[in-house]
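Asks: Provide a 3D model corresponding to the input given below.
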Amino acid sequence: MRFSNLSLLGLCITLAACQSHGPQEDVSAVPNVVLSDALIASENTQWLAPLPFLPGAERLQVGARSLQVVDADGQVLSELAGRFATLDQRADERGVLVATLDKRRQQALLVRLDDAQQWSAPHYLPKTRFAIEGLCLYRDEARNDFLFLVGEEGIGEQWLVAEHGRPLAQAQRVRALSLPPQSSFCQVDDSSASLYVNEEGVGLWRYAAAAEAPLLREPVELVAPFGELQDAGGMAVLPDALLLLDPAAANLHLFQRHAAQWQRAAVLNLAGLDEPEQVSARRTAQGLELLLVADDGARRAALNWQPESAEAPPAVPVVTPLVQSEVAPSLGDAADDPAIWVNHAQPERSRVLGTDK
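Replies: Got it, this is the predicted structure:
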């Protein structure tokens, strides 16, 4: 069923923003959401960017026995056999890089669907010493792809897994992460290199996603009385908007970016959904189109909220290195204070000197 042909039984929920309305305020501007009553049989699904090589492809989802690319009618256009849990992806004009978890082996893996509509062989990461609860991809300004692994015990890892969307023959562990306990969801905003991780019963945290950034966290939203949450679940990040689910209250929190900070735009109650835990969002002419995953399955939804577009920061030129030094044994911004000595007589014997602080 197409979303435009919603059943009359579809749920229409008019939701109050967190601020009360003054007498002169336009109440019609209050965000509202329309949920489809048609269930999608998937425990995890995400919107796909338009794929030139696979017209009509709309969503990536975890099926009962395969990883699937489906169209607007729910028809499977391409699939990879296996039993998977959780997923994240980065698409480009030549293919889709997918990260997921093999349920049988309990190992994270990378796979690519290319422009010939062929799935690559899975590239497995080494088995972790912790149970993986969530994972998310991060593509930096040099188009290196990193994978974050999140465990409930407060343990995590960051791996370099691909370059330009193509999996490496052997993934490289970049660093171990000390994350909040009871974390199961993460998402990365590539444009600001921000990693967002939930902490059940506490709130949502932001970390710097860059591999050499210090592992410091800052709160985005916390549970009452310090914030508006009862609990923190899955989130979706757009360039100027952040959406956070509160499963305990069945609420969707909307945040708008102002400068470098997130400010709450509205709190929406999703009456009729049983503990919604995952959300995926994409822009439309009317606002945002959502995929909401709850205990009974996934639903599409339309939200008449248009985040304001913030001015993009100036692009920083990226120089691609030809060679690389040995990895410094210390974490964070360890390799520092470089000095360059040029041997004019024999340029190949020039040196770059640095420190491991």
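Asks: what sits up against the helix or strand harbouring Ala85?
Replies: Using DSSP states H and E, Ala85 maps to strand 84-92. With C-beta atoms under 8 Å, 6 or more residues apart in numbering as the contact definition, strand 84-92 has outside contacts at 43-44, 46, 48-49, 51, 60, 62, 66-67, 96-103, 132-137, 139, 145, 165, 187. Where C-beta positions appear, they are placed from N, C-alpha and C, glycine not excepted.
Asks: and stretch 343-352, how far out from the chain middle?
Replies: Centroid separation between stretch 343-352 and its chain, computed with C-alpha atoms, centre = their mean, to the nearest Å, is 44 Å.
Asks: my bad, should have said stretch 239-249
Replies: Its chain's average C-alpha position is 12 Å from that of stretch 239-249, according to C-alpha atoms, centre = their mean.
Asks: again, but for stretch 223-231
Replies: What separates the centre of stretch 223-231 from the centre of its chain is 23 Å, taken as C-alpha atoms, centre = their mean.
Asks: same question for stretch 291-303.
Replies: Using C-alpha atoms, centre = their mean, the mean C-alpha position of stretch 291-303 is found 17 Å from that of the whole chain.
Asks: what residues sit buried inside that stretch?
Replies: By neighbour count on 16 or more other C-beta atoms under 10 Å, the buried set for stretch 291-303 is 291-294, 298-303.
Asks: let me know the average pLDDT across it.
Replies: Taken as a whole, stretch 291-303 carries a mean pLDDT of 94.
Asks: start to end distance for stretch 339-357?
Replies: 14 Å (C-alpha to C-alpha, to the nearest Å).
Asks: could we number from 535 for the rest of this?
Replies: Let's use 535 as the start, then, which means that last one is stretch 873-891.
Asks: I'd say Gln595 and Ile574 touch.
Replies: Yes - shown here, Gln595 and Ile574 form a contact pair, counting by C-beta atoms under 8 Å, at 7.1 Å.
Asks: and the closest residue to Ala744 other than its chain neighbours, how far is that from Ala794?
Replies: Ranked by C-beta to C-beta, 6 or more residues apart in numbering and with sequence neighbours excluded, the top spatial neighbour of Ala744 is Ala727, at 5.1 Å. Distance of Ala727 to Ala794, given as C-beta to C-beta, to the nearest Å: 12 Å.
Asks: which of the two has more neighbours?
Replies: Taking neighbours as other C-beta atoms under 10 Å, Ala727 and Ala794 compare with Ala727 leading, 17 against 9.
Asks: check the offset of the strand holding Ala619 from the chain's centre.
Replies: Its chain's C-alpha centre lies 9 Å from the corresponding centre of strand 618-626 when counted by C-alpha atoms, centre = their mean.
Asks: in its sheet, what does the helix or strand just after that strand sit against?
Replies: The helix or strand immediately downstream of strand 618-626 is strand 629-636, counting by DSSP H and E. When pairing is defined by DSSP bridges, strand 629-636 lines up against strand 618-626 (antiparallel), strand 641-648 (antiparallel).
Asks: would you mind saying which of those lies nearest Leu611?
Replies: Set against Leu611 and scored by C-beta to C-beta, these come closest in strand 641-648, at 10.0 Å.
Asks: same for the next helix or strand after that closest one, what does it pack against?
Replies: Once the chain leaves strand 641-648, the next helix or strand it forms, by DSSP H and E, is strand 657-658. Applying 3 or more C-beta pairs under 8 Å, 6 or more residues apart in numbering; DSSP states H and E, one finds that strand 657-658 makes contact with strand 641-648, strand 700-712.
Asks: could you dump those to JSON lines with distance to Ala868?
Replies: Formatted as JSON lines, the helices and strands packed on strand 657-658 follow (distance: least, C-beta to C-beta, whole Å):
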{"stretch": "strand 641-648", "distance to Ala868": "26"}
{"stretch": "strand 700-712", "distance to Ala868": "11"}
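Asks: and the ones you listed as TSV, adding distance to Glu845, mean pLDDT and mean neighbour count?
Replies: Output for the helices and strands packed on strand 657-658, formatted as TSV (distance: least, C-beta to C-beta, whole Å; pLDDT from 0 to 100; neighbours: other C-beta atoms under 10 Å):
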stretch	distance to Glu845	mean pLDDT	mean neighbour count
strand 641-648	34	97	21
strand 700-712	31	95	14
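Asks: between those strands, which one is closest to Ser864.
Replies: Each of these was scored for nearness to Ser864 using C-beta to C-beta, and the closest is strand 700-712 (10.5 Å).
Asks: what's in contact with that closest one?
Replies: With contacts defined as C-beta under 8 Å, 6+ apart, strand 700-712 is touched by 631, 644-646, 654, 657, 659-660, 680-682, 688-696, 745, 749, 865.
Asks: what about stretch 570-583, average pLDDT?
Replies: Stretch 570-583 comes out at a mean pLDDT of 93.
Asks: distance of the residue nearest the centre of the chain from Arg677?
Replies: When C-alpha atoms, centre = their mean is applied to the chain, the residue found nearest the centroid is Gln721 (3.0 Å). Here Gln721 is placed at a distance of 19 Å from Arg677 (C-beta to C-beta).
Asks: over to Ser726?
Replies: Distance from Ser726 to Arg677, by C-beta to C-beta: 16 Å.
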